[in-house]
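A.B. asks: Give me coordinates for this.
(4 chains)
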Amino acid sequence: MLELLTRSFEASTILVLAALGELISQRAGVLNVGLEGLMLFGGTLAFITAQSTGSYILGVLAGLAVGGFLGLAHGFFSITLRGDQVVSGMGLWILSFGLTTYIGSPYTGPLGMERIQTPFGLSPFVYLAVILVAAAWLLVFRTGPGLAIRSSGENPSAAEVSGINVAAIRYLCVTFGGMLAGLSGATYTLSYNPVWNYNFLGGWGFTSLALVFFSMWNPWILLAGASMFAAMWQLSLSPELVLPGILSRYIWRTLPFVTTIVILSIISTPWFRTRWGLARPEALGRPYAKE
Amino acid sequence: MKPLLSQPRFAVFRGFALVVLLTLLVGSSGRAPAPAAAGPQKPVTLAILHFSVIKGTTWSGAHHRAAQRLAQKYPNVKYVYREEVGPDATVPFAKELIDNGANIVVGNAEFMGLPLGTIADQYPNVYFGSVIASDLTQKRNFIRFFPRQYQALYLEGLIAGALTRTGNIGIVSAFPNIQVIRRTAGFYLGVQDAAKALGKRVNVYVKYVGDWYKPTEERDVARTLASQFKVDVITQQTDSGSPLDVAQERRIWFVGKDMDVVGFYGWSNTNTVAVSFDTRWEVLYDRMIRDFLAGNQNPRTMLYLGMKDTMTLADGTVEPAVDIMNNKKVGVDAISPRAKPLISASILKLVNQRRQQMMKGQWDPFFEHAFISNGTGLALKGTPIPAKGSVVKKARQTPSDEFLLGKFNFDLEGMIILK
Amino acid sequence: MKAGTGRVRRPVPAPAIHSPEGSSIPGEPILSARGITKRFPGVLALDRVDLDVRAGEIRAVLGQNGAGKTTLMNILFGLVQPDEGQLYLRGRQVHFRSPHDALTIGIGMVHQTRKLVAAHTVLENLVLGNPGARGFLNLARARREIGELCQRYGVVLELGARVWQLSEGEKQWVEILKALYRGARILILDEPTSVLTPPEVKTLLTGLKALVSDQGVTVLVVTHKLPIVMAVSHAVTVLRSGRVVASLRTDEATEQILVRHMIGKDVSLRLTKAPVEPGRLLLQVEDLSAFSDKGLRALRGVSFVLREGEIFGVAGVTGNGQEELAQVIAGLRPTAAGRILFDGHDMTLRSPLARWRLGIGYIPAERAEVASIAQFSLVENTGLNFHFDRAFSTQGFFDYARLEQLTERIVDTYDVKAPHLHVQAQNLSGGNLQKLILGRVLSRKPRLLIAHLPTQGLDVEATAFVRGTLMETCSQGAAVLLISEDLDEILALSDWIAPIYEGRFAAILSRGEADAETVGAMMAGLRSEEAGAP
Amino acid sequence: MRLGRYTLTLEPRPTLSPLHAVLTAILAIFVALALSSVIFLRSELGALSAYRVIFSYAFANPNGLFTTVHRAIFLLFCTFAFLVPLRAGLWNIGLPGQVYAGALAAFAVPFALQAHEAPSPLLPPGLTVLAMVLAAAVAGAALAAFAGILWAKLHVNEILVTMMLNSILFWFVSYMIKEGGPYMGATAEGESFLLPDALRAPTVLGVPFTAMLAVGAAALLDLFFAKTTLGYKIRAFGLNPAASRYAGINPVTLPVLVFVLGGAFAGLAGYHNFAAIPGLYKISGNYGYYGDLAFYGIISGLIARGGAAAIPVVLLFAGLSLGARLVQGQLHLPFGVDYALLGLLMMTFVPFLILYRFRIALRLAPKALPQISADVPKA
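C.D. replies: Here you go, the predicted model:
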């Protein structure tokens, strides 16, 4: 059981890192539905870099860099060019899906490096994720820049007349979000499953995106949601540990996804929204043009 | 002074003349079916349609390497291939390859059998091949083939059974189908023979992923086996490298399948991989090529080859269709140097003995052992899972190939299938 | 990009101003603009504008909608960059790249459309962008400082409240406080009274005077309301079509002079509806309640009746349930309680489409966001009211040819200025768009017309046109539910006047009973006896 | 953006001409193809020769052409499945799931009639095929409607729901075809039973009749959006939901309707792909390829934005995806050339879409103005 929890935490770390970056980015008003693509790209380049240089640190840096770069590109399309954020995000996803398959293919197989040390039985990325969650919460709710970020996502023109450079804030946030998505991909390919395969995430990026909506843009709820999803995922893979032999394994496999839909629906009900739903950044997904 | 026409020189001249003469003879009789002896001159193109990517999978990777070995051995054999061939592209790619000169077209997944079968009549001079597809109608130039991997798996089972300290062995498996059940049975019989010989109890856990290639899920399944079911020897009937990686991470033994991942891919080392086996598809392809070169209008359309069937490679090695192999070593030497001291001499001897017997065709695990149903498995249309404990086949009885390839639908008694 | 770190330049005195009006205003200018020109695609918004604001004065900038007032203020605040021209602060040339630069040197602005983050608390809004909020927020300190500021100006604000919970007057004060908290010495107020109730206006003006006299703050007030100018300003600059047409001391000016400058000719704004014989009972609203988007009870038990030929005017400041009232009657918002009878039939649960079919026409306040589709052509926009009309479709096919004829008729009849019928609606000016919408809705010959802020933001002529059309509609037998913030409009047009405050009608007065003062007081929440109503 | 003495701004175009749209799309595709030449630098052949191999196989070789056409039909249905909701402003990325749903339903017909083993006396083959087509459309529509209803009633993000449904359907198909699932084939290798000869799609000149359905749908779709009131309502809703609600357009039924229409197209794609293409005639679950190919539908939908306009686009994409896999084997390129093309097409398309909507204006900036001075007193 403890083992199941450990693995849930490690799986949830991947979701948390990506979703946390997206949360910050959405707090500033930029929606990036191409999260999965950024994670794929970050994971692939982290893997290749780590394998060719033999350094985990360089691998992680490569993941951060490529994620940041793609985030920046999304920023350029959605902030400077004021394009449709969904189009740009989907573009990044499909782009990454295609290019990482091509670039990574020759590297298919295990990473083949000495494992990252796991203090107290958990990968260091788990601790990093928890620290980042706390830091993000402090940043968003307790600091001036956090207030500026939230205001840029709620009412960019109000932020602008308060002397905030909305474009700069959004660029920073979307780039930071990209970096975290890249880090999340790196966590997958360097720690969670250090074996490169094409399209290795199989939709976890979209799950992360769903978690952001679920979290009501609060990092702590995000952490809880990700842990819950990851536990569900582990349960669906090993139901014999808890509820042996009830359902077909294939039906079990659908469980995390079914639950996601159910939870998304519950938090979207008017009953829920009138109590909690005000957290949605008002200007989310809308390009902002100065007057 | 030596005579003008010294002996050696004359010999060379005579030899040259003979070659010219022979060449003329052969050239002039070009329309007649070429005799087997003149085979090496006739070009053959072997085309493989890989259902998946080559790199990163043990299955297509093994086929790819097999074809390369054949091309090495026979200078007149050319190898062409296509990767990730979906069902809709099977026929067009096959036709395109034939138009470009392919003589033998092989699909390495069952789903290609049907489409290739449909065009077999259109190209009477081409051989078509598919890994076993049991419901296909027979066609003159359509070859069904499969290696008897269960023989090598039996040897692996012996080694795994001897290696385990916790008495728990895990299999990361795809999903129940006849091939998987047959392979697992071979492995399981080996494990139980080793357990009996050593007087210990060994559990074999099978945990299904649900698909052949799901890297993330395979990893989690492998980790569950390692941590929850305390397995210290793990093997897989899936295609990704994740279970191997888990074994390496957990420092438990890994037993490989279908290919020597240490020797050929360098994905790991013998500190993790206790033993593996290699499927030499080239032995099967070699039979087809030889039939083709012989101008056989009726090739052997059913190739179910095992350890007693061999071929000689370019470098002179004789290799059977399947064999345990690890880090390019075969037989008992395939066992990892670090694992060997942990295995009692009696088992090592048994491994060697059984291997020799199988290579001579004197012994077979499926002949030797009874098939007693575990009551689990795969219900097929018209073939329900035999009741638990029922003896489907007695010991020292040869099961038919049809049974092994199309009806073997139950797990052997004592296996633990995790649901 | 930090402001205030630029090179120190030698003082360059602002060139002398050449006021068209000639009358000079004494005093040292603190903020000067010279030759400010700004072009927007197709429009010359400002044409070589000069302006001198003197320290410690209240300067009114007067002009009609579209005269360029807001653009000029946005330039003074750094929100918009001029194409030509210079700004001088105390005689030194300055250049604002963004509001940040303006804020840094002490210019604050209160915008006509509220620039506050609705979901945040008052305190968070006040702190936002403050140079003191670089790292961790010290909200306790900010609370103390702002508390002092409030005390000094006699403002009562719940700092922990969310901005969306505040009244418009309170929001206005939040914006002013925000500017002052940032240390603004020059305060720009853009149409500060447009959404305030008369008592709130009074409080505001008193406060502004105190700011100037006690704290030495310089104030620029942008407005199109003459009484405001006369009541508070020391000097007034009049803009017309992007040019300064006059700049004079307020005590030298009269309303007539200013109107002439502002409009360019003498226009009678007085249109009054002739009284009618009340017709058949058309609409009965009984005890109607509804929730706002935020889930609050915005409309609380409203009842009234409306007869054919009548205009029922709902007067109130935005945010008191008017939008909910209009939407509930149009069917766009569910009723929380009560019922609506139309022509004697209960239509409380009917869909918006069914209500269009019954003959209820609706002109929403957001003409560009709700009443039209920016990317649709004029013809397609006309279709919004006719896609369900059997006369315009056969077998599911939309009769675009017929729709085009209709659009052409509307464009002609309602004097919509557009290059052609297939231009996207986003290229029309507000007035032309409103005329198109009005024409489109009236082409359905509605028996009841709900008109919400029908003249907001329109120029004088368009306003007169719209008001005239509404009255004409009534004379043809339709009933109109007019919802407006403009008390003059309500008083001039309505047969019945209902001041609305916090979702309730303070009273329903006949036109004879209603006068500006009473209605104004009721809009501000005074009960009818306090407001002196009968 | 400031560039020296000029400012670079984006201004929305007042009118969007169709010619301009076509030119933008063509330019985007060319740029993408030029960019992907980099991929072929690894091979000894030049990029041009590589393209020649791709295109000559895809469009000149009879084998290739048939497969291209098969794929194009599949893609065309997928494109419409994406396009119809997109016109209402909704993103249907649940194509793989709806394709699977359609296939499952199509196979349910012979399964229910017991016609997958012997010809059924209940229904003649022609009618059975018709029933299969209808069932596929209905099932795709039903699955998509689920996402539509959640969006319409509760505003649950449709991208997330459809993506989750893809995963759910993937495993549901596995359930149906593996381990004793109802549709399991004879060898249980992860494929469904084989469709009997009599129930395979009728062909015209070797092309399944679904081609006519797809092309017909293309023409009807354009007519639908341009001429019908429903098409008008969908467009209005897509551009401005608030305005369309004001105009009496039902904000619940309309989004559900577009998802139903889109899902029906995806269901047809499922029918075509698993029941009408030679070499298939059965549902296979363990190859990710169909899902990946379905995503081309998203790109061609974004590029074509119309029914008839989608035909050349899907032909191009079908040919590229097939031909790229061919050159990959021929030139010994790493796996994934076709995926890389997919990605590059998308990447070039996004900025071109923006160029289509906006005009880039380069204007002379106002003269550089001095900085504000630092010594301005606060009081």
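
A.B. asks: rest of the way, CA atoms for contacts and neighbours
C.D. replies: Will do.

A.B. asks: so how far is stretch A:112-129 off the chain centroid?
C.D. replies: A distance of 19 Å separates the C-alpha centroid of stretch A:112-129 from that of its chain, computed with C-alpha atoms, centre = their mean, to the nearest Å.

A.B. asks: Please save the CA atoms from that stretch in PDB.
C.D. replies: What follows is the C-alpha trace of stretch A:112-129 in PDB, where atoms were taken according to Å, rounded to 0.1, in the frame of the first residue of the first chain:
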ATOM      1  CA  GLY A 112      21.000   3.500 -19.300                       C
ATOM      2  CA  MET A 113      22.300   5.800 -16.600                       C
ATOM      3  CA  GLU A 114      22.900   5.300 -12.900                       C
ATOM      4  CA  ARG A 115      19.600   6.100 -11.100                       C
ATOM      5  CA  ILE A 116      18.900   9.500  -9.500                       C
ATOM      6  CA  GLN A 117      19.200   9.100  -5.800                       C
ATOM      7  CA  THR A 118      15.900   8.800  -4.100                       C
ATOM      8  CA  PRO A 119      16.100  10.300  -0.600                       C
ATOM      9  CA  PHE A 120      13.500   8.600   1.700                       C
ATOM     10  CA  GLY A 121      12.300   6.500  -1.200                       C
ATOM     11  CA  LEU A 122      11.000   9.300  -3.300                       C
ATOM     12  CA  SER A 123      12.500  10.900  -6.400                       C
ATOM     13  CA  PRO A 124      13.900  14.300  -5.800                       C
ATOM     14  CA  PHE A 125      11.400  15.700  -8.300                       C
ATOM     15  CA  VAL A 126       8.700  14.800  -5.800                       C
ATOM     16  CA  TYR A 127      10.200  17.100  -3.200                       C
ATOM     17  CA  LEU A 128      10.900  19.700  -5.900                       C
ATOM     18  CA  ALA A 129       7.200  19.700  -6.900                       C
END
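
A.B. asks: That one near chain B anywhere?
C.D. replies: Yes - using C-alpha under 8 Å from any C-alpha of the partner chain, a contact is recorded between stretch A:112-129 and chain B, made by A:112, A:115.

A.B. asks: before we move on, what about stretch A:240-253?
C.D. replies: Yes - for a cut-off given as C-alpha under 8 Å from any C-alpha, stretch A:240-253 has contacts with chain B, namely A:240, A:244, A:245, A:249, A:250.

A.B. asks: just so I have it, where are all the helices in the chain?
C.D. replies: Assuming you mean chain A. Taking DSSP state H as the criterion, chain A carries its helices at A:2-27, A:35-53, A:56-75, A:85-104, A:124-142, A:144-154, A:156-161, A:166-187, A:204-214, A:219-237, A:249-268, A:270-276.

A.B. asks: that's the wrong chain, I wanted chain B
C.D. replies: If DSSP H is used as the criterion, the helices of chain B fall at B:7-28, B:58-73, B:87-99, B:113-119, B:149-163, B:178-198, B:215-228, B:242-250, B:281-293, B:345-360, B:365-368, B:401-406.

A.B. asks: Relative to chain C, which of those is closest?
C.D. replies: Comparing these by their distance to chain C (C-alpha to the nearest C-alpha), the top pick is helix B:87-99, with 39.6 Å.

A.B. asks: Just the buried positions in that closest one, please.
C.D. replies: For helix B:87-99, burial by neighbour count (16 or more other C-alpha atoms under 10 Å in any protein chain shown) applies to B:87, B:88, B:89, B:90, B:91, B:92, B:93, B:94, B:95, B:96, B:97, B:98.

A.B. asks: Kindly present those residues as a markdown table, with separate columns for distance to residue B:229.
C.D. replies: Rendered in a markdown table, the data for the buried residues of helix B:87-99 read as follows (distance: C-alpha to C-alpha, whole Å):
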| residue | distance to residue B:229 |
| --- | --- |
| B:87 | 39 |
| B:88 | 42 |
| B:89 | 43 |
| B:90 | 42 |
| B:91 | 45 |
| B:92 | 47 |
| B:93 | 46 |
| B:94 | 46 |
| B:95 | 50 |
| B:96 | 50 |
| B:97 | 49 |
| B:98 | 51 |
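
A.B. asks: So which of these is the closest to residue B:159?
C.D. replies: residue B:87 (38.7 Å; C-alpha to C-alpha).

A.B. asks: from the stretch 201-350 of chain D, which residue is nearest to chain A?
C.D. replies: Of the stretch 201-350 of chain D, the residue with the smallest distance to chain A, taken as C-alpha to the nearest C-alpha, is residue D:343 at 3.3 Å.

A.B. asks: Kindly report the same for the stretch 101-250 of chain D.
C.D. replies: Per C-alpha to the nearest C-alpha, the residue of the stretch 101-250 of chain D with the smallest distance to chain A is residue D:168, at 4.9 Å.

A.B. asks: these two touch, right, that residue and residue A:254?
C.D. replies: Yes - between residue D:168 and residue A:254 a contact is recorded at 4.9 Å, counting by C-alpha atoms under 8 Å.

A.B. asks: that older thread, now tell me which of the helices of chain B the model trusts least on average.
C.D. replies: Considering those one by one, the lowest average pLDDT is found for helix B:7-28, at a mean of 44.

A.B. asks: Would you mind measuring from the most centrally placed residue in chain B to residue C:345?
C.D. replies: Most central in chain B under C-alpha atoms, centre = their mean is residue B:279, positioned 3.0 Å from the mean C-alpha point. Taking C-alpha to C-alpha, to the nearest Å as the measure, residue B:279 and residue C:345 are separated by 83 Å.
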